[in-house]
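J.: Generate a structure from the sequence data that follows.
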Amino acid sequence: QVQLVESGGGLVQAGGSLRLSCVASGRTSSAYAMAWFRQAPGKEREFVVAVTRSGVHTPYAEAVKGRFTISRDNAKNTVYLQMNNLKPEDTAVYYCATSPGPARGSALEYEYWGQGTRVTVSS
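T.: Model (predicted):
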């Protein structure tokens, strides 16, 4: 199994920045792809971006393109999400997930999930 722990969420004003971290432990050899999803209040979980072990990432969700950046440190078994120019519509619980397969945008592809970290952006 793989255990995932997210951190870095919080309350920030619009235009501000946050960096989320997700640390994997356990059978990390199976965590080929690592992804970020988010779920806003009253909405379905949506894909943000994913990255492979070699650092190749998927396209970003249109809503975050140009503002969010994913990165991965394999030595630390950690994936990051740098979020800049945050908007109130970015308010959500952000989840980290891993897949033994390719980096894709469907939640069904991901085997392990973290508990999430809450991001609140005030206007």
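
J.: Look up which helix or strand the residue positioned nearest the centre of the chain falls in, please.
T.: Centroid-nearest residue in the chain, with CA atoms, centre = their mean: residue 36, separated by 2.3 Å. Per DSSP states H and E, residue 36 falls inside strand 33-39.

J.: still on that earlier bit, not counting its neighbours along the chain, what's nearest the residue nearest to the centre of the chain?
T.: Leaving aside its sequence neighbours, residue 36 sits nearest to residue 48 (CB to CB, 6 or more residues apart in numbering; 4.2 Å). C-beta: built from backbone N, CA, C; applies to glycine.

J.: ok now do the one you found, which residues does it touch?
T.: Residues in contact with residue 48 (CB atoms under 8 Å, 6 or more residues apart in numbering) are 35-38, 60-61, 64, 68, 70, 81, 94.

J.: most surrounded residue in these?
T.: Within those, most neighbours by other CB atoms under 10 Å means residue 35, with 28 neighbours.

J.: What's opposite that one in the beta bridge?
T.: Beta-bridge partners for residue 35, by DSSP bridges, are residue 50, residue 97.

J.: Pretty sure it sits against residue 110.
T.: Yes: if you go by CB atoms under 8 Å, residue 35 and residue 110 touch, sitting 6.2 Å apart.
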